[in-house]
Every structure is written in C-alpha cells, then in structure tokens.
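> Sequence first, then the predicted structure:
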Amino acid sequence: MSNIHEQIEKEREQARAACALGASSAECAAAWDAVEELQAEASHQKESHPPKTSLERYCDDNPDAAECRLYDD
C-alpha cells in the first residue's frame, strides 16, 4: 500500500508544479483530479482489506487454541 502513497505524493508534487508554473486552470484541475483519484483508490483498498483483530492474529499463530475453535450449527 505504500506504493500508492508514493504515487499520491508524486502526483501532488506534479500538480503543485503545474499550477505554480501558470498552467491553465484546466491543466491544473486535471492534475489535482489525478491526485484525488489516487486518494480514492487508496481509500478503497483500505476498506477492502480491514486490519486483522488481535484474536484473528492470535488464531493465525495458534490455530489449535480453544479460543480459535469453530463449531458448526
């Protein structure tokens, strides 16, 4: 995931540079749109991969523990 954050920073720098050099408002807006799209993708990736709880991590390490047993109904 750090790769997408690096891309966001790179795009941010490019957008700032484009706007600072007097780029047209359309070019400036397009550069910031690219940043916004990357941020949305990072947010989407974060939602689709929620972090594991401490119990889930424990069960990964200790699958035979009583706390990790799964019962069928």
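Yes, it's here. Here the structure is a predicted model, which is why all the values come from computation and not from measurement.
> which one is Ile8 nearest to, not counting chain neighbours?
Using Cβ to Cβ, 6 or more residues apart in numbering and skipping residues adjacent in sequence, the residue nearest Ile8 is Leu38, 4.8 Å away. Backbone N, C-alpha and C define where each C-beta goes, glycine included.
> okay but the one you found is in contact with Gln7, surely?
Yes: contact status for Leu38 versus Gln7: in contact at 5.6 Å, counting by Cβ atoms under 8 Å.
> The two: which is more packed in?
Leu38 (18 against 15; other Cβ atoms under 10 Å).
> can you tell me the helix or strand for the more buried one?
Using DSSP states H and E, Leu38 sits in helix 25-48.
> Show the low-confidence segments of this structure, by residue range.
1, 23 (pLDDT under 70).
> what's around Met11, how many residues?
No Met there; residue 11 is Glu. Neighbours around Glu11, by other Cβ under 10 Å: 19.
> Is it in a helix, a strand, or coil?
helix (DSSP: H, G, I helix; E, B strand; the rest coil).
> Now do the contacts for it.
Ala31, Ala34, Val35, Leu38 (Cβ atoms under 8 Å, 6 or more residues apart in numbering).
> and the second one, what does it touch?
By Cβ under 8 Å, 6+ apart, the residues touching Ala34 are Glu11, Ala15.
> one more time with 10 Å, if that's ok
Gln7, Ile8, Glu11, Arg12, Gln14, Ala15 (Cβ atoms under 10 Å, 6 or more residues apart in numbering).
> mind listing what's buried in the host helix or strand of the second one?
Think Ile8. In the assignment (DSSP H and E), Ile8 maps to helix 2-20. Using 16 or more other Cβ atoms under 10 Å as the test for burial, helix 2-20 gives Ile8, Glu11, Arg12, Ala15, Ala18, Cys19.
> Just name the closest of the residues you listed to Glu27, please.
Among the buried residues of helix 2-20, Ala18 lies closest to Glu27 (Cβ to Cβ), at 5.8 Å.
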